[in-house]
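**Student:** take this sequence and fold it.
(2 chains)
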Amino acid sequence: MSVYVNDDLMDYDEAMARFDVVIGLEVHVELNTASKMWCGCTTEFGGEPNSHTCPICLGLPGSLPVVNAKAIESAIRIGLSLGCEIAQWCRFARKNYFYPDMPRDYQVSQSDEPLCFDGEVTVEVDGEEHLIPVERVHMEEDAGKTTHIGGSGRIHGAGYSLVDYNRSGVPLMEIVTRPIYGTGTKGPEVARTYLAYLREMMRALGVSEARMERGNMRCDANVSLMPKGSTELGTRTETKNVNSLKSVEAALRYEIRRQAAVLAAGGRVRQETRMWNEGGFTTAGRSKEHAEDYRYFPEPDLVPVAPSREWVEELRATLPEPPAARRARLQAAWGFTELEMRDINGVEGALELIAETIEAGAPASAARKWWVSDLARRANEAGVALDEVGMSPGQVAALQALVDSGALTDKLARQVIDGVLAGEGEPADVVAARGLAVVSDDSALSAAVDVAIEANPGIAQKIRDGKVQAAGALIGAVMKAMAGQADAARVRELILEKLG
Amino acid sequence: MSSTINQSAAELARRIAAREQSSEEITRAHLDRIEQVDADVHAFLAVDAERALKQARAVDAKVAAGEKLGPLAGVPIAVKDTYCYQGLPTTAASRILEGWLPPYDSTVVSRLLAADMIILGKTNLDEFAMGSSTESSAFGPTRNPWDLERIPGGSGGGSAACLAAFEAPLALGSDTGGSIRQPAAVTGTVGIKPTYGGVSRFGLIALASSLDQPGPCARNVLDAALLHEVIGGFDPADSTSINEPLPDLVGAARKADIKGLRIGVVHELGGEGYAPGVEQRFAEAIEILSGLGAEIIEVGCPHFEYSLAAYYLIMTAEASSNLSRYDGMRYGLRVGDDGSATTEEVMRLTRAAGLGDEAKRRIMLGTYALSAGYYDAFYGSAQKMRTLIARDFASAFEKCDLLISPTTPTTAFKLGERLSDPMAMYKCDLCTMPASLAGISAASLPIGLSPADGLPVGLQVMAPAMADERCYLLGGALEAALNDRWGASLLDRIPEVGRPAGSQETSR
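**Tutor:** Sure, this is the predicted structure:
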């Protein structure tokens, strides 16, 4: 599908000079409970279409929901981690609207009685702290997935549509910020950092995989501009389909530049939903000028949720260390520089994997090196998340142990990574199968050195004459002859012995 | 009429357990009766003869093997067509669900089967239980066995009529604003709306979730108590189910002693708009209760006059949401899907063809009641009124143990008489709606025939939540006293099906 985009865009710096930015973020997080929100069906990803369903998550006549207690527990822990108050008593509400992949034609959500409310978190961008006020965290359910067949793949023009209800009823949390003011020129980065913070928090809590590329975590990014000095909020747009940290930042930058151009030209920003396109622009979606009437009312099929204060305090005691504190602690323990730490933070999932690799026995610097440079590049090339690259922290630690023992050089280790990623087994298996071990048998090395000396009489003479730095050329020749499987230091020793 | 079908459920169960009569024979007798009279009565939407007989033979085999079975084992029952039961269509009497085969059993049906009861078939009702006459059924009305020109009440007219016509000894009903009690009153049978949360709603097609309550329909109080104990009690599949043991209902029905009980007569449920024949029988019943040693008190419930308004806002609001799933997309009727129509067009055509006028009226009313700008004035006010009505009950129950009123202001009216006047139809439930709004227990008991038209009159008894046994206590006592006075039960006076009421002919 090609989209013709002719939005006028103002230069970002100019936009920043003329307008103040107000951002609001709505983040949906899919919980990783074993069963769905209202029934016992598995939440496992994938599966044959409609194989993870029952009368309840299909919304069949007569079926009734029962709340998953584990989902409430997860929601409360999320709320507490965001510094929220936990409601003494709250109800679910029905949000009435039609969509074929929502089987009852209403979504069970929460309206004016959210489970968690009035929280805040602080995120740091370039050494500056930004306060993100959290309005609410509420519970709701996911819908199914519709696939339009024929035509362009969109509903209009499709020959027919298929609906898969496997995701129907999977527990969702919605985390809504209040308007975020005062981010200066850093708004898009603050948004991105906040999302990264949430993602890390979800994983530390163990409540969600929080993978944006899989839709475990989704963000709707609201932004509006007000002329510098004004206090009156501008008209906002809501950008959906933002599926990565990078996209959040890019989408907000784009919307800021687009809205700035509209306003500068004397125009009016339309209140609407916009879709982020990975091509780097937003397109107009549904107009929100006439807000849809969802006819919310308290869900009569569910009793209110009334978490006891004792339970809430018990859950508070289970909270993990806050992400920022944990990062600071790990940085100190591992002895990493600010820059090294920033590199790690820039790669989704790297921190966890490095921590696990260190726990499995690898030195910190080596763990960082393998994950942030080599494996991150491989994951990027393969278009997968780092922890799906095909090598586990345990395997990385085992690989490094081989390097530390002198059995592998870094260069050989990279070939071992190739083998592990190709599914050839554990690092030791790959070493054996590919014959990659450093040759430490001096007789084989010695023979190779002899061959090299014989083949390069000029260089050999220079070394004999005391020009030790010429040994490099001979070492290179030997290493080449040994297909890299030699310890270069030992080769040097042998050369100097023979010519000394 | 055979000497089988006029027996009580308790007696049939006794015969089966004592091996005096087989469940198969009893089941066959009822199936024969259905065959004989249901063309006139039209209480059933589906009859499940073969499976019923198979179930009956299985029970007979268990009895023969000496297995200890439940108190209603082998007894046939009819199930209102709002309960999911695998193997039979569940339609809620709507075209939009015509032929829909549920892939699961409702909790109450599972409990009937686990109690070795025999399911004869599914009974007729107003479409989606919306009505007081069964005339809104998409499959034609049920007729009142007392007079086939008259309505059997609604929504559960089929369940009440099949009892009065001796097609089944027991039936399952569901009551949202009076759908068990009002049909019981106009057919001379017994119907109980249990405390909200006392019987599981899982598998009951919803009309209004905060009001719907499954309950027993029977020809006498003890049979109702026996059935109530089979279907009642906590169900983890229904979030609103009460996790407490049921009171001793059968014990209360047998004890049937109201000496010293304080019975409140609700002042607001009588007077203008109440038929003189109804008021006369109600007054006589009060005298009988007094004679049995109860203390009679008049109580005021000032907010009851808002019941109808509150009820019709809350019920329609919830119904508008509950019925939105019937859109032709996933199951049931689909109209206009010729490959050119949009989703919205198919939905519109399906609903236009699949839903009747009353369902559409209530969906529209409810949609307005919940709309932005109207919510506070309509739905919000109705919820406040609901709270005030519950408070009226609470203060009344400080002064008395039970409350009574007529079940309905009038006896059964003629088919078609109120079809063009929805308000007149809605007023059938004037007396029954308060207990529904408050979620308390209530029952309707037969107290004789109106001298004006020879048609049955019902008395409503209301008890606090989870004190359902009090309804049975009063029911048992009043029933015994009346049967003593009449020398037989009221239904012994019902004309043979097909003959008009008042002909004084009896078959027994």
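
**Student:** quick check: which ranges of the chain have low pLDDT?
**Tutor:** I went with chain A, as the question did not name one. Residue ranges of chain A with pLDDT under 70: A:1-5, A:152-157, A:286-291, A:439-440.

**Student:** hm, I was asking about chain B
**Tutor:** Using pLDDT under 70, chain B drops low at B:1-2, B:498-508.

**Student:** now the strands for chain B?
**Tutor:** Remark: strands assigned in chain B by DSSP state E are B:44-47, B:76-80, B:118-123, B:170-175, B:190-193, B:213-218, B:262-266, B:295-299, B:402-406, B:441-449, B:456-463.

**Student:** quick one: contacts for the residue nearest to residue A:247 when sequence neighbours are not counted?
**Tutor:** Using C-beta to C-beta, 6 or more residues apart in numbering or on different chains and skipping residues adjacent in sequence, the residue nearest residue A:247 is residue A:276, 5.7 Å away. Placement of C-beta: from N, CA and C, glycine included. Residue A:276 makes contact with A:239, A:240, A:241, A:242, A:243, A:247, A:250, A:251, A:254, A:282, according to C-beta atoms under 8 Å, 6 or more residues apart in numbering or on different chains.

**Student:** report the beta-bridge partners for residue A:276.
**Tutor:** Counting by DSSP bridges, residue A:276 forms beta bridges with residue A:282.

**Student:** tell me how far it lies from residue A:198.
**Tutor:** The gap separating residue A:276 from residue A:198 is 18 Å, by C-beta to C-beta, to the nearest Å.

**Student:** grab the nearest non-local neighbour of residue 230.
**Tutor:** No chain in the question, so chain A it is. The shortest distance from residue A:230 to any non-neighbouring residue, by C-beta to C-beta, 6+ apart, is to residue A:20 (7.5 Å).

**Student:** actually chain B
**Tutor:** Residue nearest to residue B:230 in three dimensions, not counting chain neighbours: residue B:115, with 4.6 Å by C-beta to C-beta, 6+ apart.

**Student:** dump the residue contacts of the one you found.
**Tutor:** B:70, B:72, B:73, B:230.

**Student:** who are the contact partners of the residue nearest to residue B:196 when sequence neighbours are not counted?
**Tutor:** Using C-beta to C-beta, 6+ apart and skipping the chain neighbours, the partner closest in space to residue B:196 is residue B:439 (3.5 Å). Residue B:439 makes contact with B:195, B:196, B:197, B:390, B:465, according to C-beta under 8 Å, 6+ apart.

**Student:** spell out which parts of the stretch 1-150 of chain B neighbour chain A.
**Tutor:** Contact residues, the stretch 1-150 of chain B versus chain A (C-beta under 8 Å from any C-beta of the partner chain): B:82, B:83, B:84, B:90, B:92, B:97, B:100, B:102, B:103, B:104, B:106.

**Student:** show me what residue 173 bridges to in the sheet.
**Tutor:** If you meant another chain, say so; for now it's chain A. residue A:29, residue A:139.

**Student:** chain B is the one I meant
**Tutor:** residue B:215.

**Student:** neighbours of it, just the number please.
**Tutor:** Per other C-beta atoms under 10 Å in any protein chain shown, the neighbour tally for residue B:173 reads 32.

**Student:** go on, residue B:245?
**Tutor:** Residue B:245 has 10 neighbours, counted by other C-beta under 10 Å.

**Student:** so which residue is dead centre in chain B?
**Tutor:** residue B:180 (1.8 Å; C-alpha atoms, centre = their mean).

**Student:** that one is in contact with residue B:190, isn't it?
**Tutor:** No. Checked against C-beta atoms under 8 Å, the pair residue B:180 and residue B:190 is beyond contact range at 9.6 Å.

**Student:** could you pull out the helices for the stretch 351-500 of chain B?
**Tutor:** Taking DSSP state H, counting those that start in this stretch as the test, the helices found in the stretch 351-500 of chain B are B:357-370, B:381-399, B:422-426, B:433-438, B:469-486.

**Student:** next, the angle from the first one to helix B:381-399.
**Tutor:** Relative orientation of helix B:357-370 versus helix B:381-399 (axes from the mean of the first three to the mean of the last three C-alpha atoms, to 10 degrees): 100 degrees.

**Student:** got a list of contacts for helix B:357-370?
**Tutor:** A:96, A:295-297, B:94, B:126-128, B:130-131, B:136, B:312-313, B:315-321, B:323, B:351, B:355, B:374-375, B:378-379, B:382, B:422.

**Student:** list the contacts for the residue nearest the centre of chain A?
**Tutor:** Central residue of chain A (C-alpha atoms, centre = their mean): residue A:348, 4.6 Å from the mean position. By C-beta under 8 Å, 6+ apart, the residues touching residue A:348 are A:199, A:245, A:385, A:386.

**Student:** how about residue A:332?
**Tutor:** Shown in contact with residue A:332 (C-beta under 8 Å, 6+ apart): no residues.

**Student:** try residue B:88
**Tutor:** Residue B:88 touches B:46, B:48, B:101, B:121, B:122, counting by C-beta under 8 Å, 6+ apart.

**Student:** dump those to a markdown table, plus neighbour count.
**Tutor:** Output for those, formatted as a markdown table (neighbours: other C-beta atoms under 10 Å in any protein chain shown):
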| residue | neighbour count |
| --- | --- |
| B:46 | 18 |
| B:48 | 21 |
| B:101 | 12 |
| B:121 | 28 |
| B:122 | 27 |
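
**Student:** which single one of those residues is nearest to residue A:263?
**Tutor:** Closest approach between the contacts of residue B:88 and residue A:263, by C-beta to C-beta: residue B:101, at 59.1 Å.

**Student:** please verify my assumption that the closest one contacts residue B:85.
**Tutor:** No. Under the criterion of C-beta under 8 Å, residue B:101 makes no contact with residue B:85, lying 9.7 Å away.

**Student:** skip the chain neighbours and tell me the closest residue to residue B:123.
**Tutor:** Spatially, and ignoring its direct neighbours in sequence, residue B:123 is nearest to residue B:158 (3.1 Å; C-beta to C-beta, 6+ apart).
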